[in-house]
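Novice: Pasting a predicted model and its sequence here:
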Amino acid sequence: MTVTGRCLCGAVSYKIDSPPLLVRTCWCRLCQTIGAGSATVNAVFPSAAFAVTGEFNTYTSTADSGNIMHRRFCPRCGTHVFGGSEARPDIVVVRVKTLDEPENAKPAMTIWTSRAPSWASIDSRLPTFEAQPPPPPRG
């Protein structure tokens, strides 16, 4: 399976030669900020299968889990495209909104529900975690 995607303006694009290891909706406070007040949907892939084209900027921050995160975005249009954790350099986390075919990345869980506002729409058909669940298997 080959997965492709890009930022809004197309200056940053990627190709991933692997299906996602995991797809999840995240309600942590940083994801809410990135998602303009809502959750983000993120697909986890093995970093060895990920290739990016174009220049991107990096914003480094500490996630609610305590992990140091490097969030990559397009300097031209500002789209958050992908990121990773110093704790798990073997995986890359891609924003599903940037996939060319987002239908192929359906969430399997919702995480950080303890940070979600009372009005959040959380799919009751999916398993939920109040905080960070165990990591996906190493890719």
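Specialist: Alright, I've got the coordinates.
Novice: Quick check: pLDDT value at the residue nearest the centre of the chain.
Specialist: With distances taken as CA atoms, centre = their mean, the residue of the chain nearest its centroid is residue 42 (3.1 Å). pLDDT, the model's per-residue confidence, is 96 for residue 42.
Novice: is it in a bridge, and if so with what?
Specialist: Listed beta-bridge partners, residue 42: residue 24, residue 95 (assigned using DSSP bridges).
Novice: which residues does it contact?
Specialist: Residue 42 makes contact with 23, 24, 25, 26, 31, 93, 94, 95, 96, according to CB atoms under 8 Å, 6 or more residues apart in numbering. The C-beta positions use only the backbone N, C-alpha and C, and glycine is treated the same way.
Novice: how far away is the second one from residue 41?
Specialist: Translated: residue 24. Relative to residue 41, residue 24 is positioned 7 Å away (CB to CB, to the nearest Å).
Novice: okay, the two: which has more neighbours?
Specialist: Higher neighbour count among residue 24 and residue 41: residue 24, with 24 against 21, using other CB atoms under 10 Å.
Novice: I'd guessed that one sits against residue 110; true?
Specialist: Yes - here residue 24 reaches residue 110: they are 6.8 Å apart, a contact under CB atoms under 8 Å.
Novice: show me the contacts for the nearest residue to residue 78 once chain neighbours are set aside.
Specialist: In this structure, residue 78 finds its nearest non-sequential neighbour in residue 8, 7.8 Å apart by CB to CB, 6 or more residues apart in numbering. If a contact means CB under 8 Å, 6+ apart, then residue 8 has 74, 77, 78, 79 as its contacts.
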